[in-house]
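Enquirer: Sequence plus predicted model, see below.
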Amino acid sequence: MIYRSKAPLRIGLAGGGTDVSPYSDQFGGAILNATLSLHAHASIQLTNDGKIVMESIDQNSIQSFDRMDTLPIDGCLDLLKGVYNRIQKDHPFVNNGMKLSTFVDAPAGSGLGTSSTLVVAIIGAFVEMLKLPLGDYDIAHYAYEIERSDLKLAGGRQDQYAATFGGFNFMEFSANDKVIVNPLRIRQDYLNELENNLVLFFTSTTRESATIITEQQRNVKEKNTKSIDAMHQLKEQAKMMKEALLVGKLDTIGEILDYGFRQKKNMAANISNSHIEEIYEAAMKAGATGGKISGAGGGGFMIFYCPGNTRYKVIETLNTFGGRINPYQFTQHGLTSWTIQ
């Protein structure tokens, strides 16, 4: 028997960073994001060799252990082992061996929520195998707890919910880990135009988001007015983006993205850098009306809104920077799991 699952990666369109504690606990956060046709994949295959095997195919990494309930968290495949350990703690199961294999369609640290999406996908495979009675909110919160509490990884809360629910969502975050996911009913022609006009560009650099997020958290704790005010403005940006998408004000999306990009740079150092600024300015000169760094910042993917037929000139310009344009489609499906006999 093989138990499989996949969960979609996401792009944050507005409000990025306001889902991170302690800001979301003190002031409440809001984010608008959308899932893409890029996924994290997980498969569990039961064996009879008494071994627990953890394998990341895209990272070309594999570890094997004699059957045990708690695997060592040692900096290698910790996301895989962290989920296994938590499942064994909360829902103990007996097996004569198993192999957990994963693959992610984008590089780690690229700003599309790869780590959290991978955790959701792995949980999905275990839920499929053990027939656990977990709903969407349960799975997303479970993934958040494993990353933030068990593995002590810094980060926000949007990625786990985007991966689990899928589609376009306006998410609200408040104290006591409360999250409300509001699915948006956007007209298909608006989505088609957004998909046509929004260019996804990989800068060919990755970054460690935890460093940026830790500084952002410190700025809130130390009451850094500049940083907190920027987060307030990004929360408002999420509301602006929601209105633009729902009522079809697509010509304002570039301006809304540009507004958010300029605010986000005030949240913490190293969100942007000279290379990112050079790419951004070149895309704007080529016809983009706005853009942003995906995720915490510092590298990874960038998105640009290119109205009319400007996408072709913008793509031509972006290609001179040595990165790559990443084809995608929006997807309405979140976490999906199935069994192969």
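Expert: Received the coordinates, thanks.
Enquirer: CA atoms for contacts and neighbours, from now on please.
Expert: Noted.
Enquirer: which ones are touching the residue minimising distance to the centre of the chain?
Expert: Nearest residue to the geometric centre of the chain (CA atoms, centre = their mean): residue 113, 2.1 Å. Neighbour list for residue 113: 9, 10, 11, 159, 295 [criterion: CA atoms under 8 Å, 6 or more residues apart in numbering].
Enquirer: Pop out the phi and psi values for it.
Expert: For residue 113, the backbone dihedrals (degrees, to the nearest 10) come out as phi 80, psi 30.
Enquirer: Show the pLDDT at it.
Expert: Residue 113 carries a pLDDT score of 93 in this model.
Enquirer: Tell me how many other residues crowd the residue nearest to residue 198 when sequence neighbours are not counted.
Expert: The spatially closest residue to residue 198, leaving aside those adjacent along the chain, is residue 305, at 4.6 Å (CA to CA, 6 or more residues apart in numbering). Residues near residue 305, counting by other CA atoms under 10 Å, number 32.
Enquirer: Identify the bridge partners of residue 305.
Expert: Beta-bridge partners for residue 305, by DSSP bridges, are residue 198, residue 290.
Enquirer: sorry, back to before: can you lay out the contacts of residue 113 as CSV showing pLDDT, distance to residue 42 and neighbour count?
Expert: Shown next, in CSV, are those (pLDDT from 0 to 100; distance: CA to CA, whole Å; neighbours: other CA atoms under 10 Å):
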residue, pLDDT, distance to residue 42, neighbour count
9, 98, 14, 31
10, 97, 17, 30
11, 95, 21, 25
159, 96, 17, 28
295, 71, 22, 25
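Enquirer: quick one on the thing from earlier: so the residue nearest to residue 198 sits against residue 254, correct?
Expert: Yes: the criterion here is CA atoms under 8 Å, and residue 305 meets it with residue 254 at 5.2 Å.
Enquirer: what do the two both touch?
Expert: 288, 289, 290, 291.
Enquirer: Return a PyMOL selection command for the buried portion of these.
Expert: Applying 16 or more other CA atoms under 10 Å to the shared contacts of residue 305 and residue 254 leaves a buried subset, and the PyMOL line that selects it is:
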select buried, resi 288+289+290+291
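Enquirer: ok, the shared contacts of residue 305 and residue 254 vs residue 133, which is closest?
Expert: residue 291 (40.3 Å; CA to CA).
Enquirer: quick one: the closest one and residue 303 touch, right?
Expert: Yes: using CA under 8 Å, residue 291 makes contact with residue 303 at a distance of 5.3 Å.
Enquirer: show me the contacts for residue 93.
Expert: Counting by CA under 8 Å, 6+ apart, residue 93 has no contacts.
Enquirer: where's it relative to residue 120, distance?
Expert: For residue 93, the distance to residue 120 equals 19 Å [CA to CA, to the nearest Å].
Enquirer: With residue 55 instead?
Expert: According to CA to CA, residue 55 and residue 120 sit 16 Å apart.
Enquirer: So if I had to pick from these two, which one is more boxed in?
Expert: Shown here are residue 55 and residue 120; by other CA under 10 Å, residue 120 has more neighbours (34 against 20).
Enquirer: ok now do that one, which residues does it touch?
Expert: For residue 120, the contacting residues are 7, 139, 140, 143, 160, 163, 164, 335, by CA under 8 Å, 6+ apart.
Enquirer: Tell me how far residue 139 lies from residue 283.
Expert: According to CA to CA, residue 139 and residue 283 sit 38 Å apart.
Enquirer: Spell out the residue ranges of the helices in the stretch 101-250 of the chain.
Expert: 114-130, 136-145, 158-165, 188-197, 209-221, 225-247 (DSSP state H, counting those that start in this stretch).
Enquirer: before we move on, back to that, nearest to residue 87 among the shared contacts of residue 305 and residue 254?
Expert: residue 291 (39.5 Å).
Enquirer: how about the CA coordinates for the lowest-mean-pLDDT helix or strand in the chain, as PDB?
Expert: Scoring the helices and strands of the chain by mean pLDDT, DSSP states H and E places helix 209-221 at the bottom, with a mean of 78. The C-alpha coordinates for helix 209-221 follow below in PDB (Å, rounded to 0.1, in the frame of the first residue of the first chain):
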ATOM      1  CA  SER A 209      13.600  33.400   6.100                       C
ATOM      2  CA  ALA A 210      14.000  32.700   9.800                       C
ATOM      3  CA  THR A 211      16.600  35.500  10.100                       C
ATOM      4  CA  ILE A 212      14.400  38.100   8.600                       C
ATOM      5  CA  ILE A 213      11.300  36.900  10.500                       C
ATOM      6  CA  THR A 214      13.200  36.900  13.800                       C
ATOM      7  CA  GLU A 215      14.200  40.500  13.300                       C
ATOM      8  CA  GLN A 216      10.700  41.400  12.400                       C
ATOM      9  CA  GLN A 217       9.500  39.800  15.700                       C
ATOM     10  CA  ARG A 218      12.100  41.700  17.600                       C
ATOM     11  CA  ASN A 219      11.100  45.000  16.100                       C
ATOM     12  CA  VAL A 220       7.500  44.400  17.400                       C
ATOM     13  CA  LYS A 221       8.700  43.400  20.900                       C
END
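Enquirer: circling back to that earlier point, give me the subset of the contacts of residue 113 lying in helices.
Expert: Among the contacts of residue 113, DSSP state H puts residue 159 in helices.
Enquirer: Please render the contacts of residue 113 as JSON lines that adds distance to residue 271 to the earlier fields.
Expert: Formatted as JSON lines, those follow (distance: CA to CA, whole Å):
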{"residue": "9", "distance to residue 271": "21"}
{"residue": "10", "distance to residue 271": "19"}
{"residue": "11", "distance to residue 271": "16"}
{"residue": "159", "distance to residue 271": "18"}
{"residue": "295", "distance to residue 271": "10"}
